[in-house]
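Participant: Predicted model and sequence follow; I will ask about them next.
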Amino acid sequence: MDDDSAQPSEDAGLIASVKRLLCSTATIVVVAFVFRMAILYHFSLDNYARVVVDKLPYGYETGAVAASIAEGRGFSSPLRMVETGATAWFAPIYPYLLAAIFKIFGVYSYSSNLVIHTFNVACAAFICWPIAAIARTASRPRPRPPPRARTAGHRARRRQSPARDRPNLAGAAGRSDRGRRGTAGRRCR
């Protein structure tokens, strides 16, 4: 009899821990990385022959600048067909990173293509951590400010507020004062 009564609480604890594990940011990052790598693997099999045989350029302007850095021409020539000279189209960090990969694995080679795409997939998956941190911060309930002390002096100051001394400009602007009690200079309560 005691074993049956202990079973539901153990199941609830197990379910809660599995739920906590599945909803953790680390699990989401790992699942995102594995899913994207599976898609990359599927599409890389189709492109393998074409990239290796033709040595097709990839990365568009960023890839062209990275190739020119790796080949020793500096941060230049974002257009594939034309030598344009120095450029300022984008920030230099990512092209220099790609140039380092091109230096190690070869310019426009299949292995450098896989390394670059794996790096991009890892960055796309790891961005889940900052997004989760921002969401946690934004959804955190803010503490309510403490209520102001209500004193007799507070009520007296309220009755003598400078808002009563200001003239009511509603009539001067052509608006009607109908429905208000008293004269135009008084506030409606």
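Facilitator: That came through, no problem.
Participant: residues contacting the nearest residue to residue 102 once chain neighbours are set aside?
Facilitator: Residue nearest to residue 102 in three dimensions, not counting chain neighbours: residue 70, with 3.8 Å by C-beta to C-beta, 6 or more residues apart in numbering. Every residue, glycine included, has its C-beta placed from N, CA and C. Residues counted as contacts of residue 70 (C-beta atoms under 8 Å, 6 or more residues apart in numbering) are 99, 102-103, 107.
Participant: Looking at these, which is nearest residue 115?
Facilitator: Taking C-beta to C-beta as the measure, residue 115 sits nearest to residue 102 out of the contacts of residue 70, at 9.6 Å.
Participant: which residues does the closest one contact?
Facilitator: 66-67, 69-70, 108, 112.
Participant: Lowest-scoring secondary structure element of this protein by mean pLDDT?
Facilitator: For the chain, using mean pLDDT, DSSP states H and E, the weakest element among its helices and strands is helix 152-159, scoring a mean of 55.
Participant: tell me the pLDDT at the residue nearest to residue 102?
Facilitator: In this model, residue 70 is scored at 91, pLDDT.
Participant: Residue 85 touches residue 78, doesn't it?
Facilitator: No: Residue 85 is beyond contact range of residue 78, at 10.0 Å (criterion: C-beta atoms under 8 Å).
Participant: Now residue 66: which helix or strand?
Facilitator: According to DSSP states H and E, residue 66 maps onto helix 60-70.
Participant: Can you give me every residue that contacts residue 37?
Facilitator: 118, 121 are the contacts of residue 37 under C-beta under 8 Å, 6+ apart.
Participant: So it belongs to a helix, correct?
Facilitator: Yes: per DSSP: H, G, I helix; E, B strand; the rest coil, residue 37 lies within a helix segment.
Participant: And it, how far from residue 133?
Facilitator: Going from residue 37 to residue 133 by C-beta to C-beta, to the nearest Å gives 24 Å.
Participant: One more: residue 76?
Facilitator: 38 Å.
Participant: Ok, residue 121 next?
Facilitator: 21 Å.
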